[in-house]
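Peer 1: Just the structure for this:
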Amino acid sequence: MSRGVLMLLALVAFSMAQTLVVNGTQPFKAYVKEGALVINGSEITLPQERLSWNYNGTYTVYGIYYSNPNCQLGTWPNQPRFYITCNTGSDFIIVAVKDPKARVICKTNKGPLQPSAASKYVEIYQTNGLNIECESGYSAVAAAPGVLLGVLAGITAATATLLLALGILLLRALLKK
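Peer 2: Numbers count the residues shown, from 1 in each chain. Sure thing, here's the model as predicted:
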């Protein structure tokens, strides 16, 4: 085969892969190709069910599957969070491709779920029931940024100055009597 034909075949094969963009503290791209998720050259086998991918471009991209077509998927705008409710039972498979620092929580009416598989970039949840809800976010950090510390120091200094000035005025008023 000629080099041009090989390049064309490679381009077609690459274009058939679905690209997932995860933006967060460490943005990266993942590719879904032939039942596998490829992240930084590593392949993770995906469940055989066809997943619909939601929230592409956020800090968590969800691959969602539910077996009951009568279930309803609800989403929130501008945040990687969704729920699925069903009148009769359904199997659920959730694949969360996430920023390494993001935290994913999936729960049913029975409580929080533990991932059936997890890595730095991916968590897979499998369960069945009437509903499931998943959300992603970042854990709270106890460190205060430098700007905030500067503002707090300025407020503290201003408060101390104000108290000193009031103390001097009060002392002068008492001494005049």
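Peer 1: any idea which element residue 128 lies in?
Peer 2: strand 122-138 (DSSP states H and E).
Peer 1: What helices and strands are in contact with that strand?
Peer 2: The contact analysis (3 or more CB pairs under 8 Å, 6 or more residues apart in numbering; DSSP states H and E) places strand 122-138 against strand 81-98, strand 102-108, strand 117-118. (C-beta placed from N, C-alpha, C; glycine too.)
Peer 1: Out of those strands, the one nearest residue 37 is which?
Peer 2: Closest to residue 37 of those is strand 81-98 (CB to CB; 6.8 Å).
Peer 1: any chance you could map the strands in this protein?
Peer 2: In the chain, the strands defined using DSSP state E lie at 18-22, 28-33, 36-39, 42-45, 52-54, 60-66, 72-75, 81-98, 102-108, 111-112, 117-118, 122-138.
Peer 1: tell me the most buried of these?
Peer 2: Greatest average neighbour count among the strands of the chain goes to strand 60-66 (a mean of 22), per mean count of other CB atoms under 10 Å.
Peer 1: if we can go back for a sec, is it possible to export the strands of the chain to CSV including mean pLDDT and distance to residue 172?
Peer 2: Formatted as CSV, the strands of the chain follow (pLDDT from 0 to 100; distance: least, CB to CB, whole Å):
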stretch, mean pLDDT, distance to residue 172
strand 18-22, 90, 65
strand 28-33, 92, 66
strand 36-39, 93, 71
strand 42-45, 91, 74
strand 52-54, 93, 69
strand 60-66, 95, 62
strand 72-75, 94, 65
strand 81-98, 96, 60
strand 102-108, 95, 58
strand 111-112, 95, 63
strand 117-118, 94, 68
strand 122-138, 95, 53
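Peer 1: which one of the ones you listed lies closest to residue 159?
Peer 2: Comparing the strands of the chain by CB to CB, strand 122-138 comes nearest, at 32.3 Å.
Peer 1: rewinding a little: make a markdown table from the strands of the chain and add distance to residue 173 to it.
Peer 2: Converted to a markdown table, the strands of the chain look like this (distance: least, CB to CB, whole Å):
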| stretch | distance to residue 173 |
| --- | --- |
| strand 18-22 | 65 |
| strand 28-33 | 67 |
| strand 36-39 | 72 |
| strand 42-45 | 75 |
| strand 52-54 | 68 |
| strand 60-66 | 62 |
| strand 72-75 | 64 |
| strand 81-98 | 59 |
| strand 102-108 | 57 |
| strand 111-112 | 62 |
| strand 117-118 | 68 |
| strand 122-138 | 53 |
